[in-house]
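[1] Next input, structure requested:
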Amino acid sequence: MKRDDSKVEAENLESRELLPIGEVSQLTGVNAVTLRAWQRRFGLVIPARTPKGHRLYTPENIQQIHEINAWLAKGVAISKVKPLLMSSALATNADSTALQEGDLWQEQIIGLNGALFELDQQKLHQILDEALGLYPFQLVKQKLLLAWMAQLPTLLESRLDAELLLAWLESELTSRIGGRTSFAGQGSLAQIAVVCLPSVQGQKTAEQLSGHSNMTHSSISNSSMTNRLYSLVLRLELAELRVSVINLGVLDTTSLGLINNRLKVDALLLLPEANHPPSKIFELQSVLEQMPLSCYLIGPFAPTLTTLSAFMAPDLAEWVSQVSAAKEQHKKQLRKQKNAAEAQQGEQADER
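    From the prediction side, this is the model:
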C-alpha cells in the first residue's frame, strides 16, 4: 500500500503546475535560502515534496510568497506575517500593524551605525546576516542598505575618522561580496565591469577613491562618498544575481575608450558623480556611442544625466536573465555545429 500511495502522490505532483525552488526564486525574487528559512523558522510557504524530498511549489505557494512580499514591503516583520495570512479579518488592522513594525528597518539602521562607529565586525555581519537571510534582497536593498547609506555622508561629514570608517566598511562589505560570489558551486550567469566616473569637481578625489591618497575627510565630497557606498550595494546585488564583477575603481571619461576589446565582459556599469558640466556629458556621450560593448549608467546621480537617457541601466535581474538565456542559446548552437562537423567527418571517413 505504501508503494501504491507514493505512486499516486508522485502522479498527482506531476499532474499539477509545480516549480522547483530555483525557478520559484527567479519568479518571486526570494532566494532559495530565504524560502527555506521561512519554512523552517516560521512555517511559511510549505511546498510539496517529490519522493526523493525535493521541494516543488504549487501556484498557491507562489501566490502566498507574493502576499508575504507585499506585507514585508509595508514594514511588517517576517515573524509577524503568518497570522495576517491565516485570517483575512486581520487585514483591517494591517495599516496599524505596518506602522508598528515599520520601525524594524530603522532599528536595524541604528544597529548598523553603532557597529560602524565602534568598528564592531561581529555586530555588523550579524545584522546583515539576519536581514539577508530572512528578507528578499531587493527589500533589504531599498529598506535597509540604501536607506542606511543615504544617511552616512551627513553622519560622517564632520568626523575626523570618516576615512577610517569608510575604509573599514568597504573592507567588511567587500569580504561579504567575495564570499557570496562563490555562487554555491554554480557558475556565474554574466560578468560585469563597474567604473566610477568623477565629475570635474571630483577629479581631485579620484586618487583617494582608488586608495592611493592620504587626503583628509574634508576632501571627501558627498557625491564621491555616496558613490563609494552605492558601489558596495551594487556589487552585493550583482553577487546575489550570480554576476561576476570586475571593480575598476575610478576612471575618467577618456580612459573608458582604452577598455575596448580588452575586457571579456557582458557590460560596463558606470556610476557618475554629480555636477557633470555639459562639455563632460557631451564627451561621455561620444565615448559611449563608440564603445563596442554594452554600457549603462547607474546609481543615485545617473538620472541627472537626462541627455544620456538611452544609456540608463535596465532592471538588473531581468538583464541578467536575458544575458544568461542568450549565452545558453549560443552554447547550444555551438554544440549543434560541433556535432554536425563531427558527423560530417565521420561520413567522410566511412567513404574512404
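
[2] tell me the contacts of the spatially most central residue of the chain?
    Residue closest to the average C-alpha location in the chain (CA atoms, centre = their mean): Glu237, at 1.7 Å. Counting by CB atoms under 8 Å, 6 or more residues apart in numbering, Glu237 makes contact with Phe137, Lys141, Leu316. The C-beta positions use only the backbone N, C-alpha and C, and glycine is treated the same way.

[3] got those residues as JSON lines, with pLDDT and secondary structure columns?
    Supplementary listing: these in JSON lines, determined by pLDDT from 0 to 100; DSSP: H, G, I helix; E, B strand; the rest coil:
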{"residue": "Phe137", "pLDDT": "92", "secondary structure": "helix"}
{"residue": "Lys141", "pLDDT": "94", "secondary structure": "helix"}
{"residue": "Leu316", "pLDDT": "92", "secondary structure": "helix"}
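
[4] which one among these gets closest to Gly29?
    When those are ranked by distance to Gly29 (CB to CB), Phe137 comes first, at 7.4 Å.

[5] do you know how far the closest residue to that closest one other than its chain neighbours is from Ser175?
    With CB to CB, 6 or more residues apart in numbering as the criterion, Phe137 has its nearest non-adjacent residue at 4.7 Å, and that residue is Glu240. Distance of Glu240 to Ser175, given as CB to CB, to the nearest Å: 16 Å.

[6] One more: Ala190?
    For Ala190, the distance to Ser175 equals 22 Å [CB to CB].

[7] just Lys264 next, same as before
    When CB to CB is applied, the distance between Lys264 and Ser175 equals 26 Å.

[8] Compare those two (neighbour count), which wins?
    For Lys264 against Ser175, the residue with the higher neighbour count under other CB atoms under 10 Å is Ser175, and the figures read 12 against 9.

[9] SS state for the more buried one?
    The assignment at Ser175 comes out as helix when based on DSSP: H, G, I helix; E, B strand; the rest coil.

[10] still on that earlier bit, mind putting the contacts of Glu237 into a markdown table with distance to Thr253 and neighbour count?
    Output for the contacts of Glu237, formatted as a markdown table (distance: CB to CB, whole Å; neighbours: other CB atoms under 10 Å):
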| residue | distance to Thr253 | neighbour count |
| --- | --- | --- |
| Phe137 | 32 | 20 |
| Lys141 | 28 | 18 |
| Leu316 | 23 | 21 |
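
[11] For the stretch 151-300 of the chain, just list every one of the strands.
    All strands of the stretch 151-300 of the chain, identified by DSSP state E, counting those that start in this stretch, fall at 190-197, 243-250, 267-272, 294-297.

[12] Highest mean neighbour count out of those strands?
    The highest mean neighbour count among those, using mean count of other CB atoms under 10 Å, belongs to strand 267-272: a mean of 24.

[13] got the angle between it and strand 190-197?
    Orientation of strand 267-272 against strand 190-197 (axes from the mean of the first three to the mean of the last three CA atoms, to 10 degrees) gives an angle of 20 degrees.

[14] report the angle between the axes of strand 267-272 and strand 243-250?
    Taking the same axes, to 10 degrees, one finds that strand 267-272 is oriented at 40 degrees with respect to strand 243-250.

[15] Can you give the strand pairings for strand 267-272, parallel or anti for each?
    For strand 267-272, the pairing partners within the sheet under DSSP bridges are strand 190-197 (parallel), strand 294-297 (parallel).

[16] Show me how far the shortest one is from its chain's centre.
    Between the mean C-alpha location of strand 294-297 and the chain-wide mean there is a distance of 17 Å, by CA atoms, centre = their mean, to the nearest Å.

[17] With just CA atoms, put it into CSV.
    Below are the C-alpha coordinates for strand 294-297, written out as CSV (Å, rounded to 0.1, in the frame of the first residue of the first chain):
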residue,chain,number,x,y,z
SER,A,294,27.0,47.4,-23.7
CYS,A,295,27.5,50.4,-21.4
TYR,A,296,24.9,51.5,-18.8
LEU,A,297,24.7,54.4,-16.4
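
[18] Check which element follows it along the chain.
    Taking DSSP states H and E as the definition, the helix or strand that follows strand 294-297 towards the C-terminus is helix 316-351.

[19] quick one: buried residues of that next one?
    Using 16 or more other CB atoms under 10 Å as the test for burial, helix 316-351 gives Leu316, Trp319, Val320, Val323, Ser324.

[20] Same list (those) but as TSV, adding distance to Val24.
    Below are those laid out as TSV (distance: CB to CB, whole Å):
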residue	distance to Val24
Leu316	19
Trp319	20
Val320	17
Val323	21
Ser324	17
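
[21] Phi, psi for the closest residue to Ile298 other than its chain neighbours please.
    Distance criterion CB to CB, 6+ apart; nearest residue to Ile298, sequence neighbours excluded, is Ala313 at 4.0 Å. In this entry, Ala313 is assigned phi and psi values of phi -70, psi 140 (degrees, to the nearest 10).

[22] Let me know whether Ala313 touches Ser294 as I believe.
    No: look at Ala313 against Ser294 with CB atoms under 8 Å: they stay out of range, at 9.8 Å.

[23] Between the two, which contacts overlap?
    Among the neighbours of Ala313, none is also in contact with Ser294 (CB under 8 Å, 6+ apart).

[24] For the residue nearest to Ile298, give its distance to Leu270.
    Using CB to CB, one gets 9 Å for the distance from Ala313 to Leu270.

[25] what residues are shared contacts of these two?
    Common contact partners of Ala313 and Leu270 (CB under 8 Å, 6+ apart): Tyr296, Leu297, Ile298, Ala302.
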